[in-house]
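1. build me a model:
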Amino acid sequence: MNKPSRTKSDAEKELDAAAAKEIKRHIKAEMLTHNVDMATVAERLTAMGRAISEQGLRNKISSCTHQTTWYWDLMKAIKGNI
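-> Numbering: from 1, shown residues only. Take a look at the predicted model:
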């Protein structure tokens, strides 16, 4: 049984945009805190089995449409917990 699709309200879109900004800031802050760059994080994610290039990582963070499980692995890669 298919669920009917529902479009997001303006309030939900605003909340999503605000959350995306906060997530991007958090990722960049974590990278600064742990003194890693995009290339290093991309290498670590690839070593974990989530193959991604440095540019692909930049794009994924910029678009901020990733899933929670990917974000969790991203945080582990930034912190060096691979």
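
2. now find how far off-centre the strand or helix carrying residue 31 is within its chain.
-> Element membership for residue 31 (DSSP states H and E) is helix 10-33. With Cα atoms, centre = their mean, to the nearest Å as the basis, helix 10-33 stands 10 Å off its chain's centre.

3. other SSEs contacting the following helix or strand past it?
-> Using DSSP H and E, the next helix or strand after helix 10-33 towards the C-terminus is helix 38-48. Packing partners of helix 38-48 (3 or more Cβ pairs under 8 Å, 6 or more residues apart in numbering; DSSP states H and E): helix 54-63, helix 68-79. (C-beta placed from N, C-alpha, C; glycine too.)

4. mean confidence for stretch 57-75?
-> Averaged across stretch 57-75, the pLDDT comes to 91.

5. tell me the buried residues in it?
-> Neighbour-count burial for stretch 57-75 flags 57, 60-61, 64, 71, 73-74 (criterion: 16 or more other Cβ atoms under 10 Å).

6. pipe those residues into a markdown table and attach distance to residue 26 per row.
-> Listed next are the buried residues of stretch 57-75 as a markdown table, based on distance: Cβ to Cβ, whole Å:
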| residue | distance to residue 26 |
| --- | --- |
| 57 | 15 |
| 60 | 14 |
| 61 | 10 |
| 64 | 11 |
| 71 | 9 |
| 73 | 15 |
| 74 | 10 |
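
7. tell me which of those is nearest to residue 81?
-> Minimum distance to residue 81 across the buried residues of stretch 57-75 is 9.7 Å, recorded for residue 73 (Cβ to Cβ).

8. having no further points to raise, I will conclude here.
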